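Asker: what follows is a protein structure lacking sequence information:
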């Protein structure tokens with residue numbers, strides 16, 4: 001089984017140009033600043049990503065952020081598709097584990 005190499009440079013630059021930073025990379029996911037955005041690598045297509053927005057963000061902020069993100073992606077020759085929202089909560093009975101739920 002071969003390891004998948006995921007290039008961080010372009011998406012990291014895009015995230016930083018939006019005023020955010022990557023707080024934690026985990027496998028194919030990038031957790032962005034206070035979990036406002038979650039970026040997932042599309043391993044089937046180079047320079048392609050999926051964006052999930054925290055369910056607690058209001059719709060106007062999410063729409064504005066999504067438009068800015070897609071504009072920057074076009075300039076950087078990246079593809080970003082919005083895949084909906086997500087929520088993160090403490091796993092029941094655990095102080096150290098989180099549950100991540102994707103909401104379409």
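Answerer: Right, received. Where do you want to start? Given the structure is predicted, the values throughout are model-derived calculations rather than measurements. Numbers count the residues shown, from 1 in each chain.

Asker: which helices and strands sit right next to whichever strand or helix holds residue 101?
Answerer: Here residue 101 sits within strand 98-103, counting by DSSP states H and E. Applying 3 or more CB pairs under 8 Å, 6 or more residues apart in numbering; DSSP states H and E, one finds that strand 98-103 contacts strand 79-90. No exception for glycine: its C-beta is placed from N, CA and C like everyone else's.

Asker: buried residues in the strand it packs on?
Answerer: The neighbour-count check on strand 79-90 (16 or more other CB atoms under 10 Å) flags 80, 83, 85-86 as buried.

Asker: repeat that for stretch 52-65.
Answerer: For stretch 52-65, the buried set under the neighbour-count rule, 16+ other CB under 10 Å, comprises 52-54, 62, 65.

Asker: for the protein, what spans make up the helices?
Answerer: Secondary structure of the chain (DSSP state H): helices at 9-17, 59-75.
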